[in-house]
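Asker: Sequence and predicted model, in that order:
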Amino acid sequence: MKHRTAAVLIGLLVVLCLVLSITYPFTTATPHATNPHGERFTVGNADTYRATGEIAVEGEVKLAFEGVVAPDGSWYQKVVEDNVTSEAYYSSGDGTIYRRYRITGLDQTKQFRERITEDEDEALLRENKAGNRTTFLVEETTANATEPVSGTASVFVNELSLVRYADGGSDSSAVTLYEPRSGWYDGRQMYRITDPSGTVRANPDTHVVRSANVSWETTTPAGSYAEYTLVSLTTDDPTARTITFEFDPGDDDLEQPAWVTETEFE
């Protein structure tokens with residue numbers, strides 16, 4: 001009788017474990033973003049540097065940028081997203097910010113024109129239309145021309161923090177290699193990371209990111225194995241995401257872009 005009771009209990013436990021495995025994963029991972037502030041990836045605070053970054057989803061670039069901060073305080077930044085390419089150049093010599101916007105689409109063009117003309121600090125120097133693309137050249141006079149490059153770079157570094165990382169050792173330049181890890185992650189919605197690859201190169205003490213080239217697939221929501229399977233079968237998830245980033249400190253000369261003074265431009 002005792003053996004029969006034990007067998008029944010064991011059977012019930014097996015069924016319970018199967019149910020739990022279908023409804024909820026046994027362990028969840030914490031993303032890098034939950035690390036203490038001093039242990040998270042960050043952007044370097046060098047006085048002069050060059051930085052680039054790119055975020056691609058399913059092989060299509062969704063956001064890209066490049067920027068330079070020069071020794072004399074001049075800076076340049078270019079950001080590409082959706083149907084808008086924006087560039088900004090500041091020369092410490094004349095205290096003026098020049099901006100060029102290249103926009104595809106009538107609605108966005110109208111919104112940009114209204115914003116430019118309503119801003120008292122900006123003056124529309126030239127406007128050119130070619131097909132469905134419009135280019136605006138804008139001059140802005142400001143007493144506070146804080147470089148925007150570090151802020152834009154932080155967007156890409158923060159994007160790296162959606163997953164956890166394992167220490168992958170060091171390379172010849174004495175930076176630590178961090179490798180992304182798969183798992184079930186808690187967030188506003190639970191999500192699952194699969195097929196992670198690549199590395200983040202960062203200083204082991206300051207966690208300043210020198211470069212990154214990582215990718216993974218994300219399925220959201222994924223609060224259980226059953227939900228993960230259902231979402232995978234009924235939506236385009238898992239979604240492949242690739243993030244690249246470079247940060248090169250050091251003196252870097254910066255020349256004024258030709259579009260600042262040219263009278264005909266694209």
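Answerer: That came through, no problem. Residues are numbered from 1 along each chain as shown.

Asker: Give me the contacts around the helix or strand encompassing residue 197.
Answerer: Assigned by DSSP states H and E, residue 197 belongs to strand 191-202. Strand 191-202 is contacted by residues 29, 41, 160, 162-163, 165, 168, 171, 173, 175-185, 208-222, 228, 238, 240 when judged by Cβ atoms under 8 Å, 6 or more residues apart in numbering. To be clear about C-beta, it is placed using only N, CA and C from the backbone, and glycine gets the same treatment.

Asker: Mind giving me the ChimeraX command for buried ones among the residues you listed?
Answerer: Remark: buried members of the contacts of strand 191-202, expressed as a ChimeraX selection using 16 or more other Cβ atoms under 10 Å:
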select :29,41,160,162,163,165,175,176,177,178,179,180,183,184,185,208,209,210,212,214,216,217,218,219,220,221,222,228,238
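
Asker: now the angle from whichever helix or strand comes after the strand holding residue 197 to strand 191-202?
Answerer: Per DSSP H and E, the first helix or strand lying C-terminal to strand 191-202 is strand 209-219. Strand 209-219 runs at 170 degrees relative to strand 191-202, counting by axes from the mean of the first three to the mean of the last three Cα atoms, to 10 degrees.

Asker: Break down the stretch 151-266 of the chain into its helices, ranges please.
Answerer: Assigned helices in the stretch 151-266 of the chain, in chain order: 225-234 (criterion: DSSP state H, counting those that start in this stretch).

Asker: May I have the host helix or strand of residue 87 as CSV, with CA atoms only?
Answerer: Using DSSP H and E, residue 87 sits in strand 84-91. Written as CSV, here are the backbone C-alpha positions of strand 84-91 (Å, rounded to 0.1, in the frame of the first residue of the first chain):
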residue,chain,number,x,y,z
VAL,A,84,15.7,61.3,-42.0
THR,A,85,19.4,61.9,-42.2
SER,A,86,20.5,64.7,-40.0
GLU,A,87,24.0,66.2,-39.8
ALA,A,88,25.3,68.9,-37.4
TYR,A,89,28.7,70.7,-37.4
TYR,A,90,30.0,73.2,-34.9
SER,A,91,33.2,75.2,-35.3
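
Asker: for that strand, packing partners?
Answerer: Judged by 3 or more Cβ pairs under 8 Å, 6 or more residues apart in numbering; DSSP states H and E, strand 84-91 is in contact with strand 75-81, strand 96-104.

Asker: ok, how many other residues are close to the residue nearest to residue 175 when sequence neighbours are not counted?
Answerer: Ranked by Cβ to Cβ, 6 or more residues apart in numbering and with sequence neighbours excluded, the top spatial neighbour of residue 175 is residue 201, at 4.7 Å. If you count neighbours by other Cβ atoms under 10 Å, residue 201 ends up with 21.

Asker: what are the bridge partners for residue 201, then?
Answerer: Residue 201 has these beta-bridge partners by DSSP bridges: residue 177, residue 211.

Asker: Please report how far it lies from residue 163.
Answerer: Going from residue 201 to residue 163 by Cβ to Cβ, to the nearest Å gives 16 Å.

Asker: For residue 117, pull up the helix or strand it's in.
Answerer: Assigned by DSSP H and E, residue 117 falls in helix 106-118.
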